[in-house]
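Chemist: I would like to see how this sequence folds:
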Amino acid sequence: MYILGVTGNMGSGKSTVSDHLANLGAVVSHSDDLAKEILQNNKEILAALSNRFGSDIFDNFGKLQRHILAERAFASQEDQLFLNHLIHPEVKKITRTRIDTASASHKPMFVIDAPLLFEAHVDSITDSVLVIVADRNFRQGRVAKRSQISTQDFERRDALQMPIEEKIRRAQHVIHNDGSLDELLKKVDALYTELIH
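Modeler: You can find the predicted model right below:
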């Protein structure tokens, strides 16, 4: 089974690529969704976050208010690193279990969709990494539509991620999402065929 890491700059269309790979037969693990699950259920991590960022990151019913956590965790690189060091090892552990399950089912490919793939050192468990690159205006428009975050928030979060040039340097495959959806999916089809044959 081929293990492919998929990453990109924020709003690059990375999830569209991963979803298309799933349609082609790959098993896809979305690290962002996994991190959200962990943030809902892991009591030790929630306690550590409360100690660091304040108990008011929870509402009156004890539910994590992710927008408040994000506001505080993305305020500085130090706070973001604290959050990442709590969550990344747990994400990696669950991802390894998912890989084992997919491998036992004889799936052709396992895709790890992770915005912080290199930062979390998840590339160490992949056969290769695909980086999706898109123009800044395109990315910002997509993120604003999907997440309702301000231009200022977009810029702050984007700046905290590894520069796209460094991701490209470390990757084995790069796809530029600078055309139509059809063009993007054709590039993904070609890569899928190349990797599993």
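
Chemist: residue boundaries of the helices in the chain?
Modeler: For the chain, the helices defined by DSSP state H occupy 14-24, 31-41, 43-53, 66-73, 77-104, 136-147, 151-160, 164-170, 181-196.

Chemist: looking at these, which has the lowest confidence?
Modeler: Looking over the helices of the chain, mean pLDDT reaches its minimum on helix 136-147, with a mean of 58.

Chemist: most tightly packed of the helices of the chain?
Modeler: helix 14-24 (a mean of 19; mean count of other C-beta atoms under 10 Å). To be clear about C-beta, it is placed using only N, CA and C from the backbone, and glycine gets the same treatment.

Chemist: keeping just the C-alphas, turn that one into CSV.
Modeler: The C-alpha trace of helix 14-24 is given here as CSV (Å, rounded to 0.1, in the frame of the first residue of the first chain):
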residue,chain,number,x,y,z
LYS,A,14,-5.8,20.3,-0.7
SER,A,15,-9.1,18.7,0.6
THR,A,16,-10.5,18.7,-2.9
VAL,A,17,-7.4,16.7,-4.0
SER,A,18,-7.7,14.3,-1.1
ASP,A,19,-11.5,13.8,-1.7
HIS,A,20,-10.8,13.0,-5.3
LEU,A,21,-8.1,10.5,-4.3
ALA,A,22,-10.7,8.8,-2.1
ASN,A,23,-13.0,8.6,-5.1
LEU,A,24,-10.2,6.8,-7.0
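
Chemist: check the offset of it from the chain's centre.
Modeler: Computed by C-alpha atoms, centre = their mean, to the nearest Å, the chain-centroid distance of helix 14-24 equals 13 Å.

Chemist: orientation of it relative to helix 181-196 in degrees?
Modeler: Taking axes from the mean of the first three to the mean of the last three C-alpha atoms, to 10 degrees, helix 14-24 and helix 181-196 form an angle of 60 degrees between their directions.

Chemist: which strands or helices does helix 14-24 pack on?
Modeler: Packing partners of helix 14-24 (3 or more C-beta pairs under 8 Å, 6 or more residues apart in numbering; DSSP states H and E): strand 2-8, strand 27-30, strand 109-113, strand 128-133, helix 181-196.

Chemist: before we move on, back to that, nearest to Asp123 among the helices of the chain would be which one?
Modeler: helix 164-170 (7.0 Å; C-beta to C-beta).

Chemist: got the CA coordinates for that closest one in CSV?
Modeler: What follows is helix 164-170, C-alpha atoms only, in CSV (Å, rounded to 0.1, in the frame of the first residue of the first chain):
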residue,chain,number,x,y,z
ILE,A,164,5.3,27.2,0.8
GLU,A,165,8.7,27.4,-0.8
GLU,A,166,10.1,25.2,2.0
LYS,A,167,7.2,22.7,1.5
ILE,A,168,7.9,22.5,-2.2
ARG,A,169,11.6,21.9,-1.5
ARG,A,170,10.8,19.0,0.8
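
Chemist: and the gap between Asn23 and Lys187?
Modeler: As defined by C-beta to C-beta, to the nearest Å, Asn23 lies at a distance of 15 Å from Lys187.

Chemist: now do Thr126
Modeler: Taken as C-beta to C-beta, the span from Thr126 to Lys187 is 19 Å.
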